[in-house]
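> Here's my sequence, what's the structure:
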Amino acid sequence: MTEFDIVPSEAIASGNATDAYFDRTVEALAHAERNPEVVAEVTASQFSTGDWHVLAGIKDTAQLFEGRDLTVHALREGQLFDGGPVMRIEGQYLEFCRLETALLGFLSHATGMATAALETRRAAPNAEVLSFGSRHVHPSIAAMLERCALVGGLDGISNVAAGEVINHKAGGTMPHALIISFGRGEQEAAWQAFDEAAEPDVPRVALCDTYSDEVEETIRAVEAVDELESVRIDTTGSRRGNFEHILQELRWKLDKRGHEDVGIFASGGIDPEAMRELRTVADGFGVGSYISNADPLDFALDIVEVDGEPAAKRGKLDGDKAVYRTPDGSHEIRPATADPPVDGDPLMRPLVEDGNLVRTFSIDDAAARAAADAEAIGFEAGSN
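Numbers count the residues shown, from 1 in each chain. Purely as a prediction, here's the structure:
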């Protein structure tokens, strides 16, 4: 059997998942018998920009550094930032030179996804929002995607194997394939088979747009399945027309028939703009590609100090820095030797000290942190 094209964990941990020019760097420094003590920082922008992002990927990054003779400080998982360093690495350069590629990959991709997840969460704060995006990414990173979705505040995930990795149970009900397997006109048989086969803790949600009008199928579903919790509408975009109007009509006709307790769940190409339009009529959303296809944030790692002296390439700020959250919610960057702002909360916290991991990781804590920061700065999709 052909192996999947997946770089193994051992290669990442050893530093082999690196760009080739770092191998050349190691060879050149070893040849010159040079291995300076450095301070390096990871940044996406040098100054505060007002363009806020949710830091993610910290857990994997910490594991990359664990056991190495390094000291690392970083913002916490779920922290919002709009510039300046998110991580500081101190030690001999050759101790982490070949780790840079994996380090930036861990942070860049996850931060983009977690930020998109928070945007969807804030677009419909009172709705249930679930992650449906794992089918859009390479399965080897599904756990990373689902973790980022939860850090951003989503209520649930869909990928089973990813859930096992991050210790969070996946959920889901039925695809169109189940309905089609029973055939046109036999939707009741499909809904009832699901109801009879699913474990009691699985929500009774009927997919109601496979063969005919959404309202027609919904009325049939509520009559076919006792105690139906909600219906999911996933109509193909080319057939939707005015999606908000469809859901408004659906809500009206459910209520008129005494089914006020049956919720409406919308999925299929859902983004924050659609959620803001539909949140008064939809009780929940499944969000996929908006999160899974989010652009990675363009982090860079730069040496800012060599053997105790400030050093940086052109366009980068040299010297060790500190970052603070101020009482008004701002993110402030200062030289590490400067006085902190009044009542400023320092955001750089120990992550690895002399190779020892000194931080624990909780998805719930990270999600709470992201939510609190978002509230403090008024974060919304499209407001960055």
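
> just the helices in this protein please.
Secondary structure of the chain (DSSP state H): helices at 9-14, 20-31, 58-65, 100-123, 142-151, 160-166, 176-182, 187-197, 214-224, 243-256, 272-278, 289-292, 363-377.

> quick one, which of these is nearest to V129?
Of all these, helix 100-123 sits nearest to V129, with 5.8 Å by Cβ to Cβ. C-beta here means a position set from N, CA and C on the backbone, and glycine is covered the same way.

> give me the low-pLDDT residue ranges for the stretch 201-350 of the chain?
Across the stretch 201-350 of the chain, residues meeting the criterion (pLDDT under 70) sit at 238.

> ok, which stretches of it are strands?
205-207, 230-233, 263-267, 284-287, 300-306, 309-310, 321-325, 331-335, 345-346, 349-353 (DSSP state E, counting those that start in this stretch).

> can you put those strands in JSON lines and add distance to A274?
Putting the strands of the stretch 201-350 of the chain into JSON lines (distance: least, Cβ to Cβ, whole Å) gives the following:
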{"stretch": "strand 205-207", "distance to A274": "18"}
{"stretch": "strand 230-233", "distance to A274": "12"}
{"stretch": "strand 263-267", "distance to A274": "8"}
{"stretch": "strand 284-287", "distance to A274": "8"}
{"stretch": "strand 300-306", "distance to A274": "34"}
{"stretch": "strand 309-310", "distance to A274": "48"}
{"stretch": "strand 321-325", "distance to A274": "32"}
{"stretch": "strand 331-335", "distance to A274": "30"}
{"stretch": "strand 345-346", "distance to A274": "36"}
{"stretch": "strand 349-353", "distance to A274": "37"}
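
> Dump those strands to JSON lines, plus distance to M87 and mean neighbour count.
As requested, these are arranged in JSON lines below (distance: least, Cβ to Cβ, whole Å; neighbours: other Cβ atoms under 10 Å):
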{"stretch": "strand 205-207", "distance to M87": "41", "mean neighbour count": "25"}
{"stretch": "strand 230-233", "distance to M87": "40", "mean neighbour count": "24"}
{"stretch": "strand 263-267", "distance to M87": "36", "mean neighbour count": "22"}
{"stretch": "strand 284-287", "distance to M87": "28", "mean neighbour count": "24"}
{"stretch": "strand 300-306", "distance to M87": "8", "mean neighbour count": "18"}
{"stretch": "strand 309-310", "distance to M87": "18", "mean neighbour count": "11"}
{"stretch": "strand 321-325", "distance to M87": "11", "mean neighbour count": "21"}
{"stretch": "strand 331-335", "distance to M87": "14", "mean neighbour count": "18"}
{"stretch": "strand 345-346", "distance to M87": "14", "mean neighbour count": "12"}
{"stretch": "strand 349-353", "distance to M87": "8", "mean neighbour count": "18"}
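
> For E37, find the nearest of those strands.
strand 300-306 (7.5 Å).

> Could I get the average pLDDT for stretch 97-109?
For stretch 97-109, mean pLDDT rounds to 98.

> coming back round to it: nearest to L94, out of the strands of the stretch 201-350 of the chain?
The nearest among these, by Cβ to Cβ, is strand 300-306 at 12.4 Å.

> What lies in contact with that closest one?
Applying Cβ atoms under 8 Å, 6 or more residues apart in numbering, the contact partners of strand 300-306 are 36-44, 89, 93, 100, 103-104, 310-313, 316-321.

> Kindly report the same for stretch 318-331.
39, 41, 48, 75, 80-85, 88, 304-305, 310-312, 332-338, 340-341, 343-348, 373, 376-378.

> residues contacting the residue lying closest to I166 once chain neighbours are set aside?
Excluding its sequence neighbours, the residue lying closest to I166 (Cβ to Cβ, 6 or more residues apart in numbering) is R147, at 5.0 Å. R147 makes contacts with 56, 59, 110, 162, 166, 363, as judged by Cβ under 8 Å, 6+ apart.

> neighbours around the nearest residue to the last one once chain neighbours are set aside, how many?
For I363, ignoring the flanking residues on the chain, the nearest one in space by Cβ to Cβ, 6+ apart is L150 at 4.9 Å. Residues contacting L150 under the criterion other Cβ atoms under 10 Å number 22.

> any idea how far D19 is from L150?
31 Å (Cβ to Cβ, to the nearest Å).

> next one: phi and psi at T326?
phi -90, psi 160 (degrees, to the nearest 10).

> can you count the residues close to it?
That count, for T326 with other Cβ under 10 Å as the rule, works out to 14.

> what about it, distance to I333?
Distance from T326 to I333, by Cβ to Cβ: 11 Å.

> coming back round to it: show the contacting residues for the residue nearest to I363.
117, 131, 157, 166, 168, 363, 367.

> Next, the contact list for P310, please.
So P310 contacts 304, 318-319 (Cβ under 8 Å, 6+ apart).

> so which of the helices of the chain gets nearest H136?
Taking the helices of the chain one by one with Cβ to Cβ, helix 289-292 is closest: 3.9 Å.

> what residues does that closest one touch?
So helix 289-292 is in contact with 113, 116-117, 119-120, 131, 133-134, 136-137, 145, 148-149, 152, 269-272, going by Cβ under 8 Å, 6+ apart.

> could I have it exported to PDB, CA atoms only?
The C-alpha trace of helix 289-292 is given here as PDB (Å, rounded to 0.1, in the frame of the first residue of the first chain):
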ATOM      1  CA  SER A 289     -14.600  26.800   4.100                       C
ATOM      2  CA  TYR A 290     -14.600  30.200   5.700                       C
ATOM      3  CA  ILE A 291     -12.400  28.800   8.500                       C
ATOM      4  CA  SER A 292     -10.600  25.900   6.800                       C
END
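
> hang on, the earlier thing: just the buried ones from the contacts of strand 300-306?
38-44, 89, 93, 100, 103-104, 311-312, 317-318, 320-321 (16 or more other Cβ atoms under 10 Å).

> how does the protein divide up, domain by domain?
Listed by automatic domain parsing, the domain ranges of the chain are 9-113+296-377, 125-292.
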